[in-house]
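Chemist: give me a 3D structure for the following:
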Amino acid sequence: MDKEKQKDFTMRITQANRTELLVVTYDILIEEIKEADENYKAGNIDEYRRSLKSAQRFIAELMATLDFNYPISAELLRLYEYVQRVLIKSDVSGTPYELDSAQRVIEGLRKAYVKVAETDDSPALMENTQSVFAGLTYGKGSLNETDLDPNAANRGFLA
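Modeler: Presented below is the predicted three-dimensional model:
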């Protein structure tokens, strides 16, 4: 994943509540699967495997955070296990074994959680972070991000 995408995901994570954080996790997972496919097509097997291993870590995190007090968690676990198996088979075989199918599963779950996130008005999980506002300024089509207080020395987690 390039630095610009990492920066975008980092910014989204700092501003996200629980549901939005799940959507970001799905977005990162989808991005890693796409990058794996692109790297395979480009013949870069080392980067292909690196992307698959990263995707496996994100699926493992999704599996670890399931709350089994809710019946839907068992169904989600089965879907996550399927995606994990596909990622492992693709890594071991060195070919994209059903990666498109795994990606469709994750994209379907993402769509569902985007709808849930629209109704979730809980506050952001991270406190004491800079607020980020985006707007079109200084030229047609250029998007500039501006933070609320660039001189804030007290941002991020407080120890």
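Chemist: in stretch 22-34, what counts as buried?
Modeler: For stretch 22-34, the neighbour count (16 or more other Cβ atoms under 10 Å) marks Leu22, Val23, Val24, Thr25, Tyr26, Asp27, Ile28, Leu29, Ile30, Glu31, Glu32, Ile33 as buried. All C-beta spots, glycine's among them, are computed from the backbone N, C-alpha and C.
Chemist: any weak-confidence spans in this protein?
Modeler: Within the chain, the stretches with pLDDT under 70 are 9, 12-13, 16, 120, 122-159.
Chemist: one step back: mark which of the buried residues of stretch 22-34 are part of helices, please.
Modeler: Judged by DSSP state H, helices contain the following of the buried residues of stretch 22-34: Leu22, Val23, Val24, Thr25, Tyr26, Asp27, Ile28, Leu29, Ile30, Glu31, Glu32, Ile33.
Chemist: which of those sits closest to Ala55?
Modeler: Glu32 (4.0 Å; Cβ to Cβ).
Chemist: contacts only, for the residue nearest to the closest one when sequence neighbours are not counted.
Modeler: Excluding its sequence neighbours, the residue lying closest to Glu32 (Cβ to Cβ, 6 or more residues apart in numbering) is Ala55, at 4.0 Å. Neighbouring residues of Ala55 by Cβ atoms under 8 Å, 6 or more residues apart in numbering: Leu29, Glu32, Ile33, Ala36, Leu87.
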